[in-house]
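Asks: Compute the structure for the input listed below.
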Amino acid sequence: MKIKALIKGDQTLNIISPVADGHAGLQELLQYLDKEKPLLQELLFRDGALLFRGFGIRNEQEFLQMKQRFAGKAHFNYVDGNSPRTKLSADVYTSTEYPKDYRISLHNELSYTNKWPLHILFYCHTAAEEGGETPILDCRSILKFLEPELVRNFEQYGVKYTRYLCGSAGVGKSWMDTFETKDKAAIEQYCRDNDMDLRWEGDSVYLCQLGKGVTEHPVTKEKVWFNQANQFHPSSLPDDIYKGLRMMYAKNRHRFPQYAFFGNGEEIPEKALREITELQFEHALKFKWESGDVLLLDNMLMAHGRMPFKGERKVYVSMC
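Replies: Okay, the predicted model is just below:
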């Protein structure tokens, strides 16, 4: 196997592939993972990202074999997730079903909750005809590009996230899809177990929870930007949609499908949220997907997003 680095600024994407003119398939990759797991973990903690290319991964079952060889059979489900996606199996989901014409801002998966996956893996089954890159961003290096006072506020107060999830009809994901259940009692227990405030309004539910703004990686002990405030805030939506929501919920702000405040309840300036989004895209490293690729990220060291695309695109995700 050979390892080459794709570098942008302070960021490095390690690309692992068969040697030139060599042949390697799934079994060779699994053997390599067994043999070189300490090296791969070292690279992952150092750089945050590994791309496996040229091993002919053909379907979600082979993708799952690779993931389990690296991380074991324990899985992390997407209960309480906010992105529209389809559950393909206990371990594998579609990466997102957000409209292809829009980009998805960079974020760390489930950073708005009090539990999140340490690793996240993406498998490209079908590469887009055009666009559809998954930009990745080092959450350590972005700290030096953000306004110091803004970073201090996020570090001191964290982020207060609110959601308003409808039942059978409404804006955004339903609470049934979000929590993968139709049992209200199960949702209430989940919220108690995860320090979330809950209030029912008919068949809709208002949720409020506190998340990190800046935190420390548990292994490397490095400080990382770790939140989804700019993505949760409705100002991240297309202007016409945001304008419509403001008109609908002017007197009932808690009914915005999603909202983000500083942890002390104060508004986060929209100008600052837009600057965060644009700085993240500006400094993100992008690569063109090839069918069969598998991208492994440390979910705390690296944020990820998605660029608009044309044509069919099938990218699957699994967490651990």
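
Asks: Contacts only, for the closest residue to Gln228 other than its chain neighbours.
Replies: Excluding the flanking residues, the one nearest Gln228 by C-beta to C-beta, 6 or more residues apart in numbering is His107, at 4.5 Å. Every C-beta, even on glycine, is put in place using the N, C-alpha and C of the backbone. Taking C-beta atoms under 8 Å, 6 or more residues apart in numbering as the criterion, His107 is in contact with Gln228, Gln231, Ala303, His304, Gly305.

Asks: Pipe those residues into JSON lines and attach distance to Val294 and secondary structure per row.
Replies: Output for these, formatted as JSON lines (distance: C-beta to C-beta, whole Å; DSSP: H, G, I helix; E, B strand; the rest coil):
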{"residue": "Gln228", "distance to Val294": "24", "secondary structure": "coil"}
{"residue": "Gln231", "distance to Val294": "24", "secondary structure": "helix"}
{"residue": "Ala303", "distance to Val294": "18", "secondary structure": "strand"}
{"residue": "His304", "distance to Val294": "14", "secondary structure": "strand"}
{"residue": "Gly305", "distance to Val294": "18", "secondary structure": "strand"}
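
Asks: which SS class is the residue positioned nearest the centre of the chain?
Replies: Ranked by distance to the mean C-alpha position of the chain (C-alpha atoms, centre = their mean), the top residue is Glu109 at 3.2 Å. For Glu109, the assignment made with DSSP: H, G, I helix; E, B strand; the rest coil gives coil.

Asks: all strands of the stretch 1-150 of the chain, in order?
Replies: Secondary structure of the stretch 1-150 of the chain (DSSP state E, counting those that start in this stretch): strands at 2-8, 11-17, 49-52, 93-94, 104-107, 119-126, 130-131, 136-138.

Asks: Packed most tightly, which of those would that be?
Replies: strand 136-138 (a mean of 25; mean count of other C-beta atoms under 10 Å).

Asks: Counting by contacts, list what that strand packs against.
Replies: strand 11-17, strand 302-306 (3 or more C-beta pairs under 8 Å, 6 or more residues apart in numbering; DSSP states H and E).

Asks: As PDB, could you dump the C-alpha coordinates of the longest one?
Replies: In other words, strand 11-17. The C-alpha trace of strand 11-17 is given here as PDB (Å, rounded to 0.1, in the frame of the first residue of the first chain):
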ATOM      1  CA  GLN A  11      -4.800  20.500   6.700                       C
ATOM      2  CA  THR A  12      -3.700  17.100   5.400                       C
ATOM      3  CA  LEU A  13      -5.800  14.300   3.800                       C
ATOM      4  CA  ASN A  14      -4.000  11.000   3.800                       C
ATOM      5  CA  ILE A  15      -4.900   9.000   0.700                       C
ATOM      6  CA  ILE A  16      -4.300   5.200   1.100                       C
ATOM      7  CA  SER A  17      -4.300   3.200  -2.100                       C
END
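
Asks: With that, I have no additional questions.
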